[in-house]
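K.L.:
Based on what follows, work out the 3D shape:
(2 chains)
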Number of protein chains: 2
Amino acid sequence: MTALLTDHYELTMLSAALKDGTAGRRCVFEVFARRLPTGRRYGVVAGTGRLVDLVREFRFTEAEVDHLRSNGVVDDETAEWLAAYRFTGDIDGYAEGELYFPGSPILTVSGTFAESVLLETLILSVLNHDSAIAAAAARMVTAARGRAVIEMGARRTHEEAAVAAARAAYLAGFEYTSNLAAGYRYGIPTAGTAAHAFTLLHDDEPAAFASQVEALGKDTTLLVDTYDISQGIRNAIAVAGPELRSIRLDSGDLSVLAQQSRDLLNSLGATETKIIVSGDLDEYAIAALAAEPVDMYGAGTAVVIGSGAPTAGLVYKLVEVEGRPVVKRSENKATVGGRKTAVRRHKPTGTATEEIVVSQGVPDHQLGDRLLQHTYIVAGEPAHLPELTESRAHLRQCLISIPWEGLKLSAGDPAIPVTIVPAS
Amino acid sequence: MTALLTDHYELTMLSAALKDGTAGRRCVFEVFARRLPTGRRYGVVAGTGRLVDLVREFRFTEAEVDHLRSNGVVDDETAEWLAAYRFTGDIDGYAEGELYFPGSPILTVSGTFAESVLLETLILSVLNHDSAIAAAAARMVTAARGRAVIEMGARRTHEEAAVAAARAAYLAGFEYTSNLAAGYRYGIPTAGTAAHAFTLLHDDEPAAFASQVEALGKDTTLLVDTYDISQGIRNAIAVAGPELRSIRLDSGDLSVLAQQSRDLLNSLGATETKIIVSGDLDEYAIAALAAEPVDMYGAGTAVVIGSGAPTAGLVYKLVEVEGRPVVKRSENKATVGGRKTAVRRHKPTGTATEEIVVSQGVPDHQLGDRLLQHTYIVAGEPAHLPELTESRAHLRQCLISIPWEGLKLSAGDPAIPVTIVPAS
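P.N.:
Residues are numbered from 1 along each chain as shown, chains lettered A, B, ... in the order given. Coordinates of the predicted model:
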């Protein structure tokens, strides 16, 4: 049931356009960001893989159409039109895992006004959410400097948003998620061992650890901070021996505790036992632990709420009607109408230098240019899409290609400029 | 499909507990907030009405169980247990629409460890999301001082989170939502008319307005800021006459524009035409418009992302095992184990003064005390729940009852203190 994930006004506009004959005008809508969240240096396109399936399922059931008609949202003519609706236009856009900057035309929808305007809310919901999570997650992966990060934020966001967030975090380079639905739907590796409740359930900590090791083997993670951490580590190694795979610390001053824990583990002969840390970690907290003996990070709240930027601020704007560029005039004069073609320009070394976006034309080709738009849907039919793991690899490549300042966590300008060339 | 909206570690704990015999221990889990979002003076319980349905549907399908087994998440014994799972315990808690403060035991789950631990992720996802939205929305309703507010943020959040957000905003006193799925599922009044795209689609603004009025009548809202606002208002009244219901302003300095627009409408004889404003409104922007001639506010991004606090920070903690209070020791010493009973104490005037929360006991009854916990599920069966409109009325009542400082938008302490009395 995706078609009702839509704003009321899309149907009101549809009704009026069906009546006055403009519904069939050929239109181009464009998704772009006017700006990045404050201080961010890049955005990450995410959600397009999910979106294609949702667009294909975008159908109004009989019950839904009846509901809309009986509540006066649509008239009979519109109701009939909705009952037969399927999107038959084209959707092109930036690859999932691609970087974007203010003005990048990350998705372009072409079709009649009627069929294209209806998709606005769904398209923006998916891209605004998933891109926000992916951008935050990518910064955390950068901050982790090659150490693995596990996404464990399901409990801090809407239950279905959590599944999409796990997917976006994996796209951005996280290694695991705690979310079982994300494993089931998207094949993302899941991980998790025990909470404090498991220790509290048992008569004492050694009993809890013994039970966990009995059930899961020594290749598990024991959570050692329910009571006293040092004693917890001693109990863990006493029960599992130095072959214990890892311990987890979920509270306290992690930078101090990581080193103390490492020293204690080493003194107990558990030199190979890994240390996983979690507890309100964001990209800054992860970066601050770079010098500490930490082997893996668990990120929860911060990643699922986009670490300060829970929505990407993408908009869906009509840019062309019957081949003529259109633009809202009363605000930002820099907005340019018309269907855009985008390339990213690179130095011979491979470093990106700028994005060139041309309205109703094609950028001059230069050595090192890369076309940024791909086909998602042609005449209503989905094109072949990359696997999520391929998109993940693509993002990793893109992050290598931007100027090094672009990877700084501190606030700054977009990593590369976007030059938008109006139709001549 | 709700059972996989769960963290991996719930199943790992379950496996180990089934093996060692602790799975059947009688447990009590409690949902509470350690703190409110910075500066907030109250929290709003939201999502419990949705949650009860989700708990009832919490079943593992055969395909899901096979997936979990074949991916090594659970062993055969646990898989068999999951296939037969249904929650048979009890859930009590604060009414939907009730206020809460740090330490309020807003939900209490009693049952075996196994059946109760499995619900952790789902319960927290629902309550953390919906309560965050409801709290932000309630502040906006207060700031609007009796003027109607419409929720229009679907496009800025995950597509399913959007539906829950619309529900939470309505609970908090919003009058309408733009979200059609929220109308369909929860009976919330929906509203919406046209976007800038509708004007751009047409040959000129008068043509767009004429089409809209032709289709929807004069009892509609014309969006007047696609080009020049003054001309837009003149066009609107020229097309619809002074009987036009309303205009909408979606950009610019709304405090200046509202007064200018009012004056212009009046000069055109459209003295009854309402002014709706939208465009990045949060509670502060709404409050700043209190003195302006605005009739309705549209709130989008800010409400669906909780206006700076996108998650409520609620936790699900094991507080009792076989009648014995338990508590994690390595952090906040103030945490108190044991099943709690909560009352809110009031002055004879009806003003709330404090919340008394007693572990493993009942507060002394005083005149003006109100018991805060109600039955949601008994032995796995849902109890009778209030309608959403009743919960909405309850919240309105609760907000009247707190000390007036509690309604200030500025940062401050919780409106009333919570006194937690440990088991004697």
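
K.L.:
in stretch A:259-271, what's buried?
P.N.:
Applying a neighbour-count criterion of 16 or more other CB atoms under 10 Å in any protein chain shown, one finds A:Gln260, A:Ser261, A:Arg262, A:Leu264, A:Leu265, A:Leu268, A:Ala270 buried in stretch A:259-271. In this view, the C-beta of every residue, glycine as well, is placed from N, C-alpha and C.

K.L.:
That stretch: how far from the chain's middle?
P.N.:
37 Å (CA atoms, centre = their mean, to the nearest Å).

K.L.:
Same check on stretch A:134-143?
P.N.:
Distance, centroid of stretch A:134-143 to centroid of chain: 10 Å (CA atoms, centre = their mean).

K.L.:
Pull the residues that contact it.
P.N.:
Identification of contacts with stretch A:134-143 by CB atoms under 8 Å, 6 or more residues apart in numbering or on different chains yields A:37, A:40, A:42-46, A:97, A:149, A:151, A:168-169, A:171-174, A:281-284, A:286-287, A:290, A:297, A:299, A:302-303, A:305-309, A:312, A:395, A:399, A:407, A:409.

K.L.:
Contacts only, for A:Ala309.
P.N.:
A:Pro37, A:Thr38, A:Arg40, A:Ala132, A:Ala135, A:Ala136 are the contacts of A:Ala309 under CB under 8 Å, 6+ apart.

K.L.:
Can you tell me which of the residues you listed comes closest to A:Arg185?
P.N.:
In terms of CB to CB, no member of the contacts of A:Ala309 lies closer to A:Arg185 than A:Ala132, at 19.8 Å.

K.L.:
Helix or strand for A:Pro77, just tell me which one.
P.N.:
Check again: residue A:77 is Glu, not Pro. A:Glu77 belongs to helix A:76-83 when assigned by DSSP states H and E.

K.L.:
how about that helix: buried residues?
P.N.:
A:Thr78, A:Ala79, A:Trp81, A:Leu82.

K.L.:
Now render the contacts of A:Ala309 as a markdown table, adding secondary structure.
P.N.:
A markdown table is the format used below for those (DSSP: H, G, I helix; E, B strand; the rest coil):
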| residue | secondary structure |
| --- | --- |
| A:Pro37 | coil |
| A:Thr38 | coil |
| A:Arg40 | coil |
| A:Ala132 | helix |
| A:Ala135 | helix |
| A:Ala136 | helix |
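
K.L.:
how distant is stretch A:12-32 from the center of its chain?
P.N.:
30 Å.

K.L.:
how about it, does it reach chain B?
P.N.:
Yes: using CB under 8 Å from any CB of the partner chain, stretch A:12-32 reaches chain B at A:Thr12, A:Met13, A:Ser15, A:Ala16, A:Ala17, A:Lys19, A:Asp20, A:Thr22, A:Arg25, A:Cys27, A:Phe29.

K.L.:
For the residue lying closest to the third one once chain neighbours are set aside, give me its contacts.
P.N.:
Meaning A:Ser15. Nearest non-adjacent residue to A:Ser15, counting by CB to CB, 6 or more residues apart in numbering or on different chains: A:Thr78, 4.5 Å away. Applying CB under 8 Å, 6+ apart to A:Thr78 gives the contacts A:Leu11, A:Leu14, A:Ser15, A:Leu18.

K.L.:
Could you identify the helix or strand that succeeds the helix holding A:Glu77?
P.N.:
Beyond helix A:76-83 toward the C-terminal end (DSSP H and E), the next one is strand A:90-94.

K.L.:
For the helix or strand that that following strand is followed by, which strands pair with it and how are they oriented?
P.N.:
Counting by DSSP H and E, the next helix or strand C-terminal to strand A:90-94 is strand A:99-100. Strand A:99-100 has its sheet partners listed here by DSSP bridges as strand A:43-44 (antiparallel).

K.L.:
Need the residues that contact the partner strand.
P.N.:
Counting by CB under 8 Å, 6+ apart, A:33, A:36, A:97-101, A:104, A:131, A:134-135, A:138, A:171-172, A:312, A:395 sit against strand A:43-44.

K.L.:
Ok, stretch A:205-225 next?
P.N.:
Counting by CB under 8 Å, 6+ apart, A:193-196, A:198-199, A:201-202, A:226-227, A:231-233, A:235-236, A:238-241, A:243-252, A:261, A:276, B:12, B:15-17, B:19-20, B:22, B:75, B:330 sit against stretch A:205-225.

K.L.:
likewise stretch A:28-37?
P.N.:
A:42-43, A:93, A:100-110, A:116-117, A:120, A:123-124, A:127, A:132, A:135, A:306, A:308-309, A:312-320, A:332, A:338-340, A:414, B:197.

K.L.:
Repeat the analysis, applying 6 Å as the threshold.
P.N.:
A:43, A:102-103, A:105-110, A:116, A:309, A:313-314, A:316-320, A:339 (CB atoms under 6 Å, 6 or more residues apart in numbering or on different chains).

K.L.:
still on that earlier bit, just to be sure, which of the residues of stretch A:12-32 next to chain B are found in strands?
P.N.:
A:Cys27, A:Phe29 (DSSP state E).

K.L.:
Widest-spaced pair of the residues of stretch A:12-32 next to chain B?
P.N.:
The most widely separated members of those, counting by CB to CB, are A:Lys19 and A:Phe29 (21.1 Å).

K.L.:
neighbour count winner among these two?
P.N.:
A:Phe29 (25 against 17; other CB atoms under 10 Å in any protein chain shown).

K.L.:
For beta bridges, what are the partners of that one?
P.N.:
Where A:Phe29 sits in a bridge, its partners, by DSSP bridges, are A:Val109, A:Leu318.

K.L.:
okay, now the closest residue to chain B within the stretch 51-200 of chain A: neighbour count?
P.N.:
Nearest to chain B, among the residues of the stretch 51-200 of chain A, is A:Gly192, at 3.2 Å (CB to the nearest CB). For A:Gly192, the neighbour count with other CB under 10 Å is 23.

K.L.:
and it, that one's in a helix?
P.N.:
No: read with three-state DSSP, A:Gly192 is coil and lies in no helix.

K.L.:
show me the residues around it that make contact.
P.N.:
With CB under 6 Å, 6+ apart, A:Gly192 has these contacts: A:Ser178, B:Asp7, B:His8, B:Tyr9, B:Thr12.

K.L.:
Need the residues you listed in TSV (columns: neighbour count and secondary structure).
P.N.:
Putting those into TSV (neighbours: other CB atoms under 10 Å in any protein chain shown; DSSP: H, G, I helix; E, B strand; the rest coil) gives the following:
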residue	neighbour count	secondary structure
A:Ser178	25	coil
B:Asp7	28	strand
B:His8	27	helix
B:Tyr9	24	helix
B:Thr12	24	helix
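
K.L.:
With respect to B:Gly350, which of those residues is nearest?
P.N.:
Closest to B:Gly350, out of all of the contacts of A:Gly192 and judged by CB to CB, is B:Asp7, at 42.2 Å.

K.L.:
ok, now which ones touch the closest one?
P.N.:
B:Asp7 touches A:Ala154, A:Ser178, A:Gly192, B:Thr121, counting by CB under 6 Å, 6+ apart.

K.L.:
least confident pick among those residues?
P.N.:
Least confident entry in the contacts of B:Asp7, by pLDDT: A:Gly192, with 93.

K.L.:
so which strand or helix has the closest residue to A:Pro417 other than its chain neighbours?
P.N.:
Ranked by CB to CB, 6+ apart and with sequence neighbours excluded, the top spatial neighbour of A:Pro417 is A:Glu354, at 5.1 Å. In this structure, A:Glu354 sits in strand A:352-359 according to DSSP H and E.

K.L.:
With that, I have no additional questions.
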